[in-house]
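Enquirer: build me a structure from this.
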Amino acid sequence: METRELRYFVAVAEELHFGRAAGRLGIAQPPLSRAIGALERRLGAALLERGSRGVSLTEAGAVLLREARAALDAVEAAERRTRRAALTAVGRPSVVLAAKAGASGELLAKLLDVYAAEPGAVAVDVLLCGPGEQAGVLRDGRADVALLHRPFDDTAGFDTEDLHTEGQVVLLPAGHPLAVRPHLRLAEVTALPDLPLPRWPCPDGSFPDGPGPRVRDHTQLTQLIALGRACAVVPESGRTGLREDLVAVPVLDAPPVTTVIAWPPHSRSTAVAGLVRAATTR
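Expert: As a prediction, the model looks like this:
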């Protein structure tokens, strides 16, 4: 299969409408329909159900959609990494490190300092991400290496080294009755009717159901907590640089969070190797 065919199929499968998919691709509808039909004949499987009520995916189509997305992501990642390798070849080497904004700040600073002192260190571009975005930018080639946090981030398919394990705390507005407690339990946190837990976006951009406010970044989160509209359970390192109008209380039964450094298993970048070495020997 050609990448063009995969892009055509993904557009139709996501839009579930040939006209909208053609508009998205910038082509006419008839050649798009012919291309999908030819793909189905070559695979010997119906990928789409075409009916009076529109288009839907068959079981085979759902499988191809999942595989096609992964294949296209791999192609884009290869293109991005190749371009960075080309820059290295002409004397402009760099490496992109993805990290969650507002997390692991002290660890990240130490890692960068240790790596900068290594012979042959190159420029490090730090890509600050929203919650859960680091794994995605590492998979699609926008980053060469990333700091991820188990159990929240998906580390499947990456090589990893554990860096630090810590407990979790709940962030509360200063002055809240529970802010003076030495510790809390998750059941007490989730039972707070006036301070619901925030809702972070899913990978597809939608938000899960729930009473909590929609939150996209750390700045929004801390502002909402300070206003008394939410609370949040975060790694203990979230205490660093905490606003004066917020309080962090340990949550005894919250699962521990392990920060890992992750990179693609096929990476041959000496800069990535240097960053991993700096992270594990800092």
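Enquirer: so, low pLDDT: which residues of the stretch 151-282 of the chain?
Expert: Residue ranges of the stretch 151-282 of the chain with pLDDT under 70: 203, 282.
Enquirer: where do the strands sit along the chain?
Expert: For the chain, strands defined by DSSP state E occupy the ranges 48-51, 54-57, 94-100, 123-129, 145-150, 159-166, 168-173, 232-235, 246-251, 257-263.
Enquirer: residues touching the closest residue to Pro264 other than its chain neighbours, list them.
Expert: Leaving out its chain neighbours, the residue that sits closest to Pro264 by CB to CB, 6 or more residues apart in numbering is Phe158, at 6.6 Å. All C-beta spots, glycine's among them, are computed from the backbone N, C-alpha and C. Neighbouring residues of Phe158 by CB atoms under 8 Å, 6 or more residues apart in numbering: Ala135, Leu138, Leu148, Ala262, Trp263, Pro264, Pro265.
Enquirer: rerun at 7 Å
Expert: The contact partners of Phe158, taken as CB atoms under 7 Å, 6 or more residues apart in numbering, are Leu138, Ala262, Trp263, Pro264, Pro265.
Enquirer: Gly61 too?
Expert: Per CB under 7 Å, 6+ apart, neighbours of Gly61: Ala13, Leu47, Leu48.
Enquirer: run the last query once more with 10 Å
Expert: Phe9, Val12, Ala13, Ile36, Glu40, Ala45, Ala46, Leu47, Leu48, Glu49, Val55, Ala68 (CB atoms under 10 Å, 6 or more residues apart in numbering).
Enquirer: ok, now how distant is it from Gly51?
Expert: Distance from Gly61 to Gly51, counting by CB to CB, to the nearest Å: 14 Å.
Enquirer: residue ranges of the helices in the stretch 151-282 of the chain, please?
Expert: 186-190, 218-226, 270-281 (DSSP state H, counting those that start in this stretch).
Enquirer: mind putting these into CSV with mean neighbour count and distance to Gly241?
Expert: Shown next, in CSV, are the helices of the stretch 151-282 of the chain (neighbours: other CB atoms under 10 Å; distance: least, CB to CB, whole Å):
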stretch, mean neighbour count, distance to Gly241
helix 186-190, 14, 22
helix 218-226, 18, 10
helix 270-281, 18, 21
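Enquirer: Leu112 is nearest to which of the ones you listed?
Expert: In terms of CB to CB, the element of the helices of the stretch 151-282 of the chain nearest to Leu112 is helix 270-281, at 8.0 Å.
Enquirer: nearest residue to the middle of the protein?
Expert: Glu133 (1.9 Å; CA atoms, centre = their mean).
Enquirer: measure that one to Asp217 for me?
Expert: 10 Å.
Enquirer: intersection of neighbour lists for those two?
Expert: Common contact partners of Glu133 and Asp217 (CB under 10 Å, 6+ apart): Lys100, Ala101.
Enquirer: coming back round to it: looking at the helices of the stretch 151-282 of the chain, spot the one closest to Asp204.
Expert: Asp204 sits nearest to helix 218-226 of all those, at 19.7 Å, using CB to CB.
Enquirer: apart from its chain neighbours, what residue comes closest to Leu242?
Expert: Ala248 (6.0 Å).
Enquirer: if I read this right, the one you found contacts Leu172, doesn't it?
Expert: Yes - assessed by CB atoms under 10 Å, Ala248 is found in contact with Leu172 at 7.8 Å.
Enquirer: tell me, how many residues neighbour the spatially closest residue to Cys202 that is not a sequence neighbour?
Expert: The shortest distance from Cys202 to any non-neighbouring residue, by CB to CB, 6+ apart, is to Pro208 (6.6 Å). When counting by other CB atoms under 10 Å, one arrives at 10 neighbours for Pro208.
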